[in-house]
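S.K.: need a 3D model of the following:
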Amino acid sequence: MQETKLSPEIASIPSIDVMWGAAPGQRVPARVYVRNNDFWPHSFRVDFKTLTPGRIFETFSQTKFVWGGQTATYLFHFTVPSLRANTRLYLDASCYEGGRYINGFSKSIVVTATPTIIPLGYTPEIILYETYMLIETRLDEQMFSFALKYAPDVYQDAVAEAKRIAEAKGIEMTVEGFKPVHLGWTEFKLPVGETYVALKENVAFYPVGVFSNDADFDSVKWWSGAKTEYLYDWFTKWIFYKEEKQGIMTPQPVFKSGESFTFEVHSEVPKAKVDAWILGYVVLPTTMKEQKITR
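M.R.: From the prediction side, this is the model:
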């Protein structure tokens, strides 16, 4: 397994956009854009504060996973403090990884006695966390990022399993987000009914959650083998009503090399497929990338 090598500056904050005007007592949204300049994905924490020289008014903190080469948007809402008219209020954003300071950016706005609209600067946004807006050509990456957002710890388990197989078998391994090609399918939609899966050797599957854009999709039932032992149900109806259309599920099964399992997708209305997908990770040899993982 190759270790991540950090570039000298792995992240930058190109801008802070204040969405509306600033008057004392107003609740104002601000967007901080953080770009991952590294090839590898990272989790960055942004500390955001409002201040005037010598005084801090509010502090906030958010952590997000940012794909290599992509830009994430951190949204903060702050209350404009009571200041004399035409006083400058400074917005300060600092980016950290693992407690280490990476980069920072400051912007000031003028606090007025009456609301003043501040123009919103145009900064292209990568749809990474506005997750209900899917990009057809990037569904592989988006579904993988959704799983990483909800279950980064399970991703580490998958990486550890890949490393274990690599050391035991002497083969190069990788971890991918679960995608249709792994089961010989062509689209990010789940067939209604039972699907039996018999994994190839040196493969593992870690399902962690669900993306659902289908109001009729209400559950997934899991068994080991060809329905030889019932495991549990995932009740999924509620996910459709979330704005981001996704959620983590528990318990989370793990199926490893040579094992088999069955999952059954249920719809309240008869149909061939539901507009939904299982979020998860697949451990497999690098020679099997973008291939079926079933026997």
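S.K.: can you give me the buried ones in the helix or strand bottoming out on mean pLDDT in the chain?
M.R.: The weakest-scoring helix or strand in the chain, judged by mean pLDDT, DSSP states H and E, is strand 11-18 (a mean of 73). Of all the residues in strand 11-18, those buried under the rule 16 or more other C-beta atoms under 10 Å are 11, 12, 13, 16, 17, 18. The C-beta positions use only the backbone N, C-alpha and C, and glycine is treated the same way.
S.K.: partners of that strand in the sheet?
M.R.: Applying DSSP bridges, strand 11-18 is found paired with strand 27-36 (antiparallel).
S.K.: show the backbone phi and psi for residue 171.
M.R.: Backbone torsions for residue 171, taken as degrees, to the nearest 10, come to phi -120, psi 150.
S.K.: pull the number of nearby residues for the closest residue to it other than its chain neighbours.
M.R.: Spatially, and ignoring its direct neighbours in sequence, residue 171 is nearest to residue 285 (5.2 Å; C-beta to C-beta, 6 or more residues apart in numbering). Residues lying near residue 285 (other C-beta atoms under 10 Å) number 20.
S.K.: dihedrals phi and psi, residue 285?
M.R.: The phi/psi pair for residue 285 (degrees, to the nearest 10) reads phi -60, psi 150.
S.K.: pretty sure it contacts residue 170?
M.R.: No - counting by C-beta atoms under 8 Å, residue 285 does not reach residue 170; the two are 10.9 Å apart.
S.K.: the helix or strand containing residue 45 - contacts with which helices or strands?
M.R.: Here residue 45 sits within strand 42-52, counting by DSSP states H and E. Secondary-structure packing of strand 42-52 (3 or more C-beta pairs under 8 Å, 6 or more residues apart in numbering; DSSP states H and E): strand 11-18, strand 27-36, strand 55-66, strand 71-79, strand 87-97.
S.K.: ok, so what distance separates residue 158 from residue 151?
M.R.: Going from residue 158 to residue 151 by C-beta to C-beta, to the nearest Å gives 10 Å.
S.K.: same question, residue 236
M.R.: On the measure of C-beta to C-beta, residue 236 and residue 151 end up 16 Å apart.
S.K.: repeat for residue 183
M.R.: 20 Å.
S.K.: which one of these two has more residues nearby?
M.R.: residue 151 (22 against 15).
S.K.: what's the pLDDT at that one?
M.R.: On the pLDDT scale, residue 151 is placed at 85.
S.K.: right, and residue 165 touches residue 283 too?
M.R.: Yes - using C-beta under 8 Å, residue 165 makes contact with residue 283 at a distance of 7.0 Å.
S.K.: touching both of the two, which residues are there?
M.R.: Shared contacts of residue 165 and residue 283, defined by C-beta atoms under 8 Å, 6 or more residues apart in numbering, comprise residue 173.
S.K.: between those two, which one's more packed in?
M.R.: residue 283 (28 against 22).
S.K.: what sits against the more buried one?
M.R.: Shown in contact with residue 283 (C-beta under 8 Å, 6+ apart): 158, 161, 162, 165, 173, 174, 175, 203, 204, 205, 206.
S.K.: what's the helix or strand for the fourth one?
M.R.: Read that as residue 165. Applying DSSP H and E as the criterion places residue 165 in helix 152-169.
S.K.: and that helix, how far out from the chain middle?
M.R.: Helix 152-169 sits 20 Å away from the centroid of its parent chain (C-alpha atoms, centre = their mean, to the nearest Å).
S.K.: for stretch 228-243, same thing?
M.R.: Computed by C-alpha atoms, centre = their mean, the separation of stretch 228-243 from the middle of its chain amounts to 19 Å.
S.K.: now swap in stretch 187-206 and tell me
M.R.: Chain-centre distance of stretch 187-206: 22 Å, with C-alpha atoms, centre = their mean.
S.K.: list the buried ones in it?
M.R.: 188, 189, 190, 192, 195, 197, 199, 202, 203, 204, 205, 206.
S.K.: not counting its neighbours along the chain, what's nearest the first one?
M.R.: To tie it back to what came earlier, the one meant is residue 188. Sequence neighbours aside, residue 277 is the residue nearest to residue 188 in space, at 4.7 Å (criterion: C-beta to C-beta, 6+ apart).
S.K.: tell me the bridge partners for that neighbour.
M.R.: residue 211.
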